[in-house]
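**Student:** Sequence and computational prediction follow.
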Amino acid sequence: MNELERPLNGSVVVVTGGSGGIGLATARSLVAAGARVALGDLDGEQTATEAKSLGEGNFGGKLDVTDMSSFESFIDQVETELGPIDGLVNNAGVMILGALDDESEEVTNRSIQVNLFGVINGTKIAMRRMKPRGRGQIVNIASQAGKTGFPGGSTYCATKFAVVGLCESVRNELTGTGVGITCVMPGPVKTELAAGIGVARGVRWLLPSEVGEGITKAIINKQAEVWLPRNTRFLQPPTSLLPANARDWVMRAFNADNVLAHKEHDPGRMAYEKKALGDG
């Protein structure tokens, strides 16, 4: 990509959960578009190493999105190193599965803290810094599980529904400020987080690079919503008009009711969830 094809040239974009998966793939896409990227994740050393692999002019460090002071301190570091932020991708998230009545308080709290409070924290910080400058784009990674409730992932779905609602509200709060917000709703993505889960009939796995490219385009074009794959955008509205029992029938007919259910004995799933709870 030459200079004329680098539409984010000079922009500073922060990516949370940036040491792997969708976060790192997004960072690579942003750098290719000319942005300088700051990666934040719990493992500061690994994150700094990944940032160096992106080339000169990028930054990586420790970030706990559930801790507002940690988030503020990280953004201060970024702005000292790279300059004022032009974009923030709230990507950090966990997906710990199981029937709701079997779910421990530890799992519930961890899911809500990372998936919801982490996104709220980042959105608040970005709004406070971007609005006085009259520019910037906030990108919140939700999920298609933020539009449809899947058995076996009730708390996860609840957090993603909340992120979708947050984006809807904030978009209207930002009207006329020059700052935008994007809600990204991917289907299943081949990452560690998705270990052991299935896909519904007619749905394909996404690569992290596809999501990263979609996020980069959303920042460039200031899109309000991004559905991945794109065609899934047109499947949800008709289904939402059906009565509840008909929606449930459609879910069973497409095997969507088994996508998140009964995964607790999968070795990859078990290893991921241990790590997500801080035990790995």
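**Tutor:** Nice, I can see it.
**Student:** For the helix or strand encompassing Arg110, buried residues please.
**Tutor:** Here Arg110 sits within helix 105-112, counting by DSSP states H and E. For helix 105-112, the neighbour count (16 or more other Cβ atoms under 10 Å) marks 107, 110-112 as buried. (C-beta placed from N, C-alpha, C; glycine too.)
**Student:** and the angle from the longest helix along the chain to helix 105-112?
**Tutor:** Taking DSSP state H as the criterion, the chain has its longest helix at helix 154-173. With axes from the mean of the first three to the mean of the last three Cα atoms, to 10 degrees as the basis, helix 154-173 and helix 105-112 are set at 30 degrees to each other.
**Student:** Go through helix 154-173 and flag the buried ones.
**Tutor:** 154-164, 166-167, 170-171.
**Student:** Indicate each strand paired with the helix or strand just after that helix and its parallel or antiparallel sense.
**Tutor:** Next in sequence after helix 154-173, counting helices and strands by DSSP H and E, comes strand 179-186. If you go by DSSP bridges, strand 179-186 pairs up with strand 136-141 (parallel), strand 225-228 (parallel).
**Student:** most tightly surrounded among the ones you listed?
**Tutor:** Stretch with highest mean neighbour count among these: strand 136-141 (a mean of 27; mean count of other Cβ atoms under 10 Å).
**Student:** For Pro132, which residues are in contact?
**Tutor:** If you count contacts by Cβ atoms under 8 Å, 6 or more residues apart in numbering, Pro132 has none.
**Student:** The helix or strand that the helix holding Arg110 is followed by relative to helix 105-112, how many degrees between them?
**Tutor:** Downstream of helix 105-112, the first helix or strand assigned by DSSP H and E is helix 118-130. Counting by the same axes, to 10 degrees, helix 118-130 lies at 30 degrees to helix 105-112.
**Student:** how about low-confidence regions in this structure?
**Tutor:** 1-4, 233-238, 262, 264, 280 (pLDDT under 70).
**Student:** Show me where it has its helices.
**Tutor:** 21-32, 44-53, 68-81, 105-112, 118-130, 154-173, 208-221, 236-240, 244-253, 267-276.
**Student:** can you tell which of these is closest to Gly202?
**Tutor:** helix 244-253 (10.5 Å; Cβ to Cβ).
**Student:** which residues touch the closest one?
**Tutor:** Residues beyond helix 244-253 that count as contacts (Cβ under 8 Å, 6+ apart) turn out to be 148, 201, 239-240, 242, 256-257.
**Student:** before we move on, what about stretch 166-176?
**Tutor:** 119-120, 123, 127, 131, 138, 140, 142, 180-183, 224.
**Student:** make it 6 Å
**Tutor:** For stretch 166-176, contacts defined as Cβ atoms under 6 Å, 6 or more residues apart in numbering pick out 140, 181, 183.
**Student:** Let me know the closest of the residues you listed to Gly268.
**Tutor:** So of those, ranked by how close each gets to Gly268 (Cβ to Cβ), first place is Asn140, at 26.6 Å.
**Student:** burial measure for the residue lying closest to that closest one once chain neighbours are set aside, as a count.
**Tutor:** In space, and not counting its chain neighbours, Asn140 is closest to Asn90: 4.8 Å by Cβ to Cβ, 6 or more residues apart in numbering. Residues near Asn90, counting by other Cβ atoms under 10 Å, number 29.
**Student:** what do you get for Lys274?
**Tutor:** 12.
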